[in-house]
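Novice: Got a sequence here, can you model it:
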Amino acid sequence: MLLARYYDGVEIHRADKIIYVRFLQPHRVISTCRSSAGGIRDDLECLYNHQSCEPQGHRLSDTIHGLAVHQPDAYRELIASRHGLPAERCATMGTAANMHTAGMAHERFRDMEVVAVVTAGVETNAGRAGDPAAYHEEDGRYVHAPHGGTIVIMLCISRELRPGALVEAVTLATEAKTTVLQELNVPSCYSDGLATGTGTDQIAIAARLDGAPLTGAGKHTRLGELIARSVQTALRQALARQNGLSPAGQCSALALLRRLGAREETFSAAIRAHLNEDDAHLLARNLQVVLNDPPTVAAVAALLHLRDQVGWGVLPQSCLPEIFASAAAQIAAAVAGRPQRLPAYYETLQHSALALSASATLEVIARAFALGFSEKWT
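Specialist: Okay, the predicted model is just below:
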């Protein structure tokens with residue numbers, strides 16, 4: 001199925017488990033394709049993104065997924081032949097995301113056009129740069145399998161770019177991806193930090209070979225702006241469709257606390273442990289309303305940000321007791337709806353065990369919720 005045609009230079013098609021870009025005119029491509037078509041090439045005819053497995057529970061031994069990981073050239077040949085594409089002229093990418101959840105965005109300035117096609121899944125493989133690694137490569141094969149969440153970006157640009165500008169475009173598209181993950185507070189699956197991508201992200205950028213090449217694609221260039229905006233728009237669409245991630249949906253204390261290991265049942269139990277029986281029963285029946293209250297979410301976000309600042313060394317760890325007690329008191333005041341009680345809440349919470357660990361942070365937040373809820377209806 002033809003989805004769209006842009007600048008008389010590319011066609012975007014979707015078929016069974018695949019989205020592919022067919023070049024109507026020659027393009028220079030830079031890609032993370034793991035087959036022999038990866039790197040910078042001027043002789044390609046197509047890019048494609050193929051769903052090779054399901055996001056969870058799919059075994060590496062399954063034929064297509066195993067080929068994608070261990071035999072990328074064979075994988076490229078198999079998928080290209082299925083769809084009548086020229087295998088030797090294809091840059092390939094693979095993912096666990098559904099092709100029907102892909103986001104598409106088109107940006108234009110005068111004769112310059114940028115098109116982004118993005119698939120995304122972050123629930124099982126989101127990570128922060130510098131997190132502990134899960135696998136390594138030996139003799140051309142990966143030891144342990146990559147996990148099944150991936151952000152795949154395909155970008156098409158109507159103007160020619162010099163090779164250095166292509167690399168700059170990759171950098172900017174990557175930064176644009178990270179801004180969306182930060183805005184949505186996507187947690188890392190491997191640490192208690194915020195994700196900057198996934199462990200298996202891929203990208204391909206195709207720039208039409210036509211006329212005087214552009215020399216830059218940085219933030220101060222109009223091209224850089226178009227690249228960033230198109231990637232951000234398409235990625236937001238893909239995350240909303242594939243994972244249900246949206247700004248409104250992330251207005252939740254529990255969503256913010258997932259990076260510390262919080263789950264609804266365990267966090268609810270932690271709060272109720274500090275309440276009397278009647279209040280505990282009332283909270284259990286109204287938990288989502290309490291967790292999704294915007295001022296309360298804001299107070300939780302503030303405490304987590306302050307925790308990050310201490311962890312990064314911006315704020316001294318010696319000030320942690322005062323910082324946490326003050327921020328936790330804000331949570332209690334938001335839950336209770338009684339900002340005038342801030343000094344009293346601070347006095348109570350400063351005697352909690354205040355520490356930087358995930359478990360200690362969750363405990364002081366649970367105590368703050370309980371303290372506020374116990375006074376909400378008195």
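Novice: for the chain, what spans make up the helices?
Specialist: Per DSSP state H, the chain carries helices over the ranges 63-70, 72-82, 163-183, 222-243, 253-257, 264-272, 277-285, 287-291, 294-311, 320-336, 342-349, 358-374.
Novice: model confidence over the last one, on average?
Specialist: Taken as a whole, helix 358-374 carries a mean pLDDT of 97.
Novice: which of the residues in that helix are buried?
Specialist: Neighbour-count burial for helix 358-374, counted by 16 or more other C-beta atoms under 10 Å, picks out 358, 360-374. Backbone N, C-alpha and C define where each C-beta goes, glycine included.
Novice: residues contacting the closest residue to D73 other than its chain neighbours?
Specialist: Distances taken as C-beta to C-beta, 6 or more residues apart in numbering place S35 nearest to D73, at 4.7 Å, with adjacent residues excluded. S35 sits next to 72-73, 75-76, 91-92 when contact means C-beta atoms under 8 Å, 6 or more residues apart in numbering.
Novice: so where's this structure uncertain?
Specialist: Filtered on pLDDT under 70, the chain yields the residue ranges 54-66, 68-69, 136, 139-148.
Novice: distance of the residue lying closest to T198 once chain neighbours are set aside from E113?
Specialist: What sits nearest to T198 in space, not counting adjacent residues and going by C-beta to C-beta, 6+ apart, is N125, at 4.3 Å. Counting by C-beta to C-beta, to the nearest Å, the separation of N125 from E113 is 32 Å.
Novice: Who has more neighbours out of those two?
Specialist: The residue with more neighbours, out of N125 and E113, is N125; 24 against 20, by other C-beta atoms under 10 Å.
Novice: which parts of stretch 7-21 are buried?
Specialist: Buried residues in stretch 7-21, defined by neighbour count with 16+ other C-beta under 10 Å: 7, 9-14, 17-21.
Novice: Can you give me the buried ones in stretch 23-39?
Specialist: In stretch 23-39, counting by 16+ other C-beta under 10 Å, buried: 23, 27-35, 37-38.
Novice: re the thing from before, closest one to N49 among the helices of the chain?
Specialist: Among the helices of the chain, the nearest to N49 by C-beta to C-beta is helix 72-82 (10.1 Å).
Novice: Other residues contacting the closest one?
Specialist: Contacts for helix 72-82 (C-beta under 8 Å, 6+ apart): 16, 18, 33-37, 46, 48, 50, 52, 64, 67-68, 85-87, 90, 92, 94.
Novice: How about stretch 205-222?
Specialist: So stretch 205-222 is contacted by 7, 9-10, 21, 23, 25-31, 42, 44, 47, 109, 112, 154-162, 164-166, 168-170, 172-173, 223-225, 227-228 (C-beta under 8 Å, 6+ apart).
Novice: any chance of the helices of the chain in JSON lines, with distance to H100 too?
Specialist: Output for those, formatted as JSON lines (distance: least, C-beta to C-beta, whole Å):
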{"stretch": "helix 63-70", "distance to H100": "18"}
{"stretch": "helix 72-82", "distance to H100": "17"}
{"stretch": "helix 163-183", "distance to H100": "20"}
{"stretch": "helix 222-243", "distance to H100": "8"}
{"stretch": "helix 253-257", "distance to H100": "25"}
{"stretch": "helix 264-272", "distance to H100": "29"}
{"stretch": "helix 277-285", "distance to H100": "37"}
{"stretch": "helix 287-291", "distance to H100": "29"}
{"stretch": "helix 294-311", "distance to H100": "31"}
{"stretch": "helix 320-336", "distance to H100": "39"}
{"stretch": "helix 342-349", "distance to H100": "48"}
{"stretch": "helix 358-374", "distance to H100": "36"}
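Novice: Quick one: distance of stretch 324-339 to the chain centre.
Specialist: The chain centroid and the centroid of stretch 324-339 are separated by 30 Å, computed with C-alpha atoms, centre = their mean, to the nearest Å.
Novice: how about that stretch: buried residues?
Specialist: Here stretch 324-339 shows 324-336, 338 as buried, counting by 16+ other C-beta under 10 Å.
Novice: Reformat those into JSON lines and put distance to R307 next to each item.
Specialist: Below are these laid out as JSON lines (distance: C-beta to C-beta, whole Å):
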{"residue": "F324", "distance to R307": "8"}
{"residue": "A325", "distance to R307": "13"}
{"residue": "S326", "distance to R307": "13"}
{"residue": "A327", "distance to R307": "8"}
{"residue": "A328", "distance to R307": "11"}
{"residue": "A329", "distance to R307": "15"}
{"residue": "Q330", "distance to R307": "13"}
{"residue": "I331", "distance to R307": "13"}
{"residue": "A332", "distance to R307": "17"}
{"residue": "A333", "distance to R307": "19"}
{"residue": "A334", "distance to R307": "17"}
{"residue": "V335", "distance to R307": "19"}
{"residue": "A336", "distance to R307": "22"}
{"residue": "R338", "distance to R307": "24"}
